[in-house]
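just a sequence and a predicted model for now, questions to come.
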Amino acid sequence: MKHLEDVIIRPLMTEKSYSQIAQGKYTFEVAVTSSKLEIKNAVEKLFNVKVLKVNTMRYDGKKKRVGVHQGLTKAWKKAIVTIDQNPADEKYLSKGGKEVKVSRKYKTEIEEISSAFGTNN
């Protein structure tokens, strides 16, 4: 079991990822060995949001050359996390068959990332 901070390395702040915030999609660089379930749990616990979907992409290292020295950049993994922007009340049946409503206190956006995008103008 990895620590939550080991799964999510940093948010990726590009023009495309900034434009996707309106649809509730946030982009992170994550550990190469992390699974979609680990990413989902880490985002939910760190930012107190409800994650609907996680899409991941793996990038291999590129060949780079500096003078006569040749090598590879590191391989990395990107995750696009879609959060629930309209969290509804959850309903379930209790012991007597009575319907119980529970309102979840999830955030509808990740403020830490939104503020970081706003300060880099």
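Great, that's in hand.

how about the residue positioned nearest the centre of the chain, secondary structure?
What sits nearest the mean C-alpha location of the chain, by CA atoms, centre = their mean, is V81, with 4.1 Å. Of the three states, V81 takes strand under DSSP: H, G, I helix; E, B strand; the rest coil.

you'd agree it is up against I39?
Yes - with contact defined as CB atoms under 8 Å, V81 reaches I39; the gap is 6.8 Å. Just so you know, the C-beta spots here come from the backbone N, C-alpha and C atoms, and that holds for glycine as well.

overlap in contacts of those two?
F28, V54 (CB atoms under 8 Å, 6 or more residues apart in numbering).

which parts of the longest helix along the chain are buried?
Ordering each helix of the chain by length in residues (DSSP state H) puts helix 36-47 first. Across helix 36-47, burial judged by 16 or more other CB atoms under 10 Å covers E38, I39, K40, N41, A42, V43, E44, F47.

the first one - nearest residue in space that isn't next to it in sequence?
Looking back up the chat, that one is E38. Residue nearest to E38 in three dimensions, not counting chain neighbours: V7, with 5.2 Å by CB to CB, 6 or more residues apart in numbering.

where does this protein dip in pLDDT?
Low-confidence segments of the chain (pLDDT under 70): 1, 89, 102-106, 112-121.

show me where it has its helices.
Using DSSP H, helices in the chain cover 4-7, 15-19, 36-47, 111-119.

quick one, what contacts the residue lying closest to D60 once chain neighbours are set aside?
Residue nearest to D60 in three dimensions, not counting chain neighbours: A75, with 5.2 Å by CB to CB, 6+ apart. Neighbour list for A75: V32, R58, Y59, D60, G61 [criterion: CB under 8 Å, 6+ apart].

of these, buried ones?
Neighbour-count burial (16+ other CB under 10 Å) is assigned to none of the contacts of A75.

possible to save those residues as TSV with distance to L52?
TSV is the format used below for those (distance: CB to CB, whole Å):
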residue	distance to L52
V32	24
R58	22
Y59	24
D60	28
G61	31
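
can you tell me which of the residues you listed are in strands?
Judged by DSSP state E, these include R58, Y59 as members of strands.
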